[in-house]
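Enquirer: Fold the following and give me the result.
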Amino acid sequence: MISLADLQRRIASGELSPEDAIAQSHAAIEAKDKDVRAFVRHDKAARAQASGPLRGIAVGVKDIIDTANMPTEMGSEIYRGWQPRADAPIVMMLKRAGATIIGKTTTTAFASRDPTQTLNPHNLGHTPGGSSSGSAAAVGAGMIPLALGTQTGGSVIRPAAYCGAAAIKPSFRMLPTIGVKCYSWALDTVGLFGSRAEDLARGLLAITGRTEFDGIAPAKAPRIGVVRQEFAEAVEPAAEEGLQAAIKAAEKAGASVKVIDLPGSVQEAWRIHPIIQDFEAHRALAWEFSEHHDEIAPMLRASLDETVGLTPREYDDARRIARRGRRELSELFEGFDVLLTYSAPGTAPAKELASTGSPRYNRLWTLMGNPCVAVPVMKVGGLPIGVQVIARFGNDPVALAAAWFLENALAKSG
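Expert: I've put the predicted structure just below:
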């Protein structure tokens, strides 16, 4: 993978020009994307900007995010050729930081579940995950150093795990979702893919201007609570192997690690996530459902058809459960700096299974709004396995510092 931090250091020292850095990404896309198929649009005319902390950094933008100079088709025939008038705020934040938008990356239809054309860069016979399929694969394949994705269930952390990339789903609403096709306004979260935690921290610093992301270093001896989320069904042996490797490396590097259970109200929040997601999806996609029902991708269409009867009372009850879960989860962080759990149920499913994988180990944390960082751990059978580090809401720098600590610990143990 291409490290944003390494590129920034080389550009700052004069060893590499911003133009050459962008040219490297263009060349990598030309060489690799014919197999991986991560991009729906590659802007071959994209050039480096003259200034800004992200000058020379090529960024891929998930194709549910509006761009003024490229179509935004949302993975759907309904929006084939749709050209927004303006860039989404998050795209403008990148541009103002000096980044180069090098293309649009594939998304499942409306960031839901129907697989895209994209293949896993580590094994083309497997899915890259979804819904941020192209962004995860483009970074995991070493085409670009930074990409935008979104997560409503598990659409940033899971594909990052499958593609061997680092990623952050920041605290809810840290990054704006205006100009991003809505699926669920209570859950949709913009996130970043990079090669490691330091890259994510530098990316967030440049995009947001938040000084808390400046000078992040690996945590010294974090207090880690391991949550297996047994209520989310069993994992494959590969996922448990990855979690055990992360625990062992963290303990050896000086962390205190304790396996804990989540409070009952937090477990109940996991159960009601789909009620909030599906109720809001019916409102967010009301026009498409009414006017273009038969053109909606089949798996999403079936899901919408099945959930058409959800009531406002069910939705309001689910929201109350979510609020209670957030309160109890916040109290849990009195004793721990971060939580550690699986990023996905196992390695990436085979492409012929027509699945982007299950978000069942991610959806709770999206609903709770906590920052989550995907950390690659190892390969099992040639496919990546990762874990996710979760911090208290608003403590994104703590999540990144702990993830960086874990990356270093895994590198030493490996």
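
Enquirer: Packing partners of whichever helix or strand Ala302 is part of?
Expert: Assigned by DSSP states H and E, Ala302 falls within helix 298-306. Under the contact definition 3 or more C-beta pairs under 8 Å, 6 or more residues apart in numbering; DSSP states H and E, helix 298-306 sits against helix 264-284. Every residue, glycine included, has its C-beta placed from N, CA and C.

Enquirer: Taking helix 298-306 as reference, get the angle to the helix it packs on.
Expert: For helix 264-284 against helix 298-306, the angle by axes from the mean of the first three to the mean of the last three C-alpha atoms, to 10 degrees is 100 degrees.

Enquirer: Could you give me the buried positions within helix 264-284?
Expert: Buried residues in helix 264-284, counting neighbours by 16 or more other C-beta atoms under 10 Å, are found at 265-270, 272-282, 284.

Enquirer: who's in contact with the next helix or strand along the chain from that helix?
Expert: Next along the chain after helix 264-284, taking DSSP H and E as the criterion, comes helix 286-291. If you take C-beta atoms under 8 Å, 6 or more residues apart in numbering as the criterion, helix 286-291 is touched by 76, 78, 110, 282, 295-296, 304.

Enquirer: 7 Å instead?
Expert: 78, 282, 296, 304 (C-beta atoms under 7 Å, 6 or more residues apart in numbering).

Enquirer: Throw together a PyMOL command that grabs the buried residues out of these.
Expert: Entered in PyMOL, the line below selects the buried ones among these, by 16+ other C-beta under 10 Å:
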select buried, resi 78+282+296+304
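
Enquirer: from the contacts of helix 286-291, which is closest to Ile11?
Expert: Ile78 (40.8 Å; C-beta to C-beta).

Enquirer: residues in contact with Gln117?
Expert: Gln117 sits next to 37, 106 when contact means C-beta under 7 Å, 6+ apart.

Enquirer: scratch that, Thr150 is what I was asking about
Expert: 62, 64, 111, 132, 156, 180, 188-191.

Enquirer: So which of these is surrounded by the most neighbours?
Expert: Ser132 (39 neighbours; other C-beta atoms under 10 Å).

Enquirer: Verify the stated contact: that residue with Thr152.
Expert: No. Ser132 is beyond contact range of Thr152, at 10.4 Å (criterion: C-beta atoms under 7 Å).

Enquirer: Please name the residues that touch Ile78.
Expert: 288, 292, 295 are the contacts of Ile78 under C-beta under 7 Å, 6+ apart.

Enquirer: Show me which of these are buried.
Expert: Glu288.

Enquirer: those helices in this protein, which residues are they?
Expert: Per DSSP state H, the chain carries helices over the ranges 4-13, 18-36, 89-96, 133-140, 157-163, 197-208, 237-252, 264-284, 286-291, 298-306, 312-332, 363-368, 396-413.
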